[in-house]
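Asker: Pasting the sequence and the predicted model now:
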Amino acid sequence: QLEESGGGVVQAGASLRLSCVASGRTIAENGVGWFRQAPGKEREFVAAINWRSSGTYYADSIKGRFTVSRDNAKNTVFLQLNSLKPEDTGTYYCAADRGRIPSRFSADYTYWGQGTQVTVSQ
């Protein structure tokens, strides 16, 4: 089971730190991705990190503003959101890939959290 936290309502330019904690199983050998879904839109890839943290991957729309990291000892993956914009509003989901190297495609992910809401106002 994956559980996200850290979302909230913030103004443009603010920062948030999202956490994704795994329980019941380890995700230390899984790539982990973050996706988001805005109302009326499809779920989109945001960022991902491989099992050893040696590789991180980002969508062009958030590159330079968001940072993904992980602490395998705590079975937790983080997403630091900086310089937030209204278009970053949505529900953010973390997901564990089947393998060590994460995919950009949601269909490749096996385990999903319930999501945490991020709302950015002008």
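Answerer: Cool, the structure landed. Numbering: from 1, shown residues only.

Asker: Flag every buried residue along the lowest-mean-pLDDT helix or strand in the chain.
Answerer: Ranked by mean pLDDT, DSSP states H and E, the weakest helix or strand in the chain is strand 109-112, scoring a mean of 93. Within strand 109-112, the residues that count as buried by 16 or more other Cβ atoms under 10 Å are 109, 111, 112. Quick note: C-beta positions are derived from backbone N, CA and C, even for glycine.

Asker: Same check on stretch 64-77?
Answerer: Taking 16+ other Cβ under 10 Å as the neighbour-count basis, stretch 64-77 is seen to contain the buried residues 66, 67, 68, 70, 72, 75, 76, 77.

Asker: Now do the helices in the protein.
Answerer: Secondary structure of the chain (DSSP state H): no helices located.

Asker: Nearest the geometric middle of it, what residue?
Answerer: residue 34 (2.6 Å; Cα atoms, centre = their mean).

Asker: State the distance from the nearest residue to that one once chain neighbours are set aside to residue 25.
Answerer: Once flanking residues are discounted, residue 34 sits nearest to residue 46: 4.4 Å by Cβ to Cβ, 6 or more residues apart in numbering. Residue 46 is 23 Å from residue 25, where distance means Cβ to Cβ, to the nearest Å.
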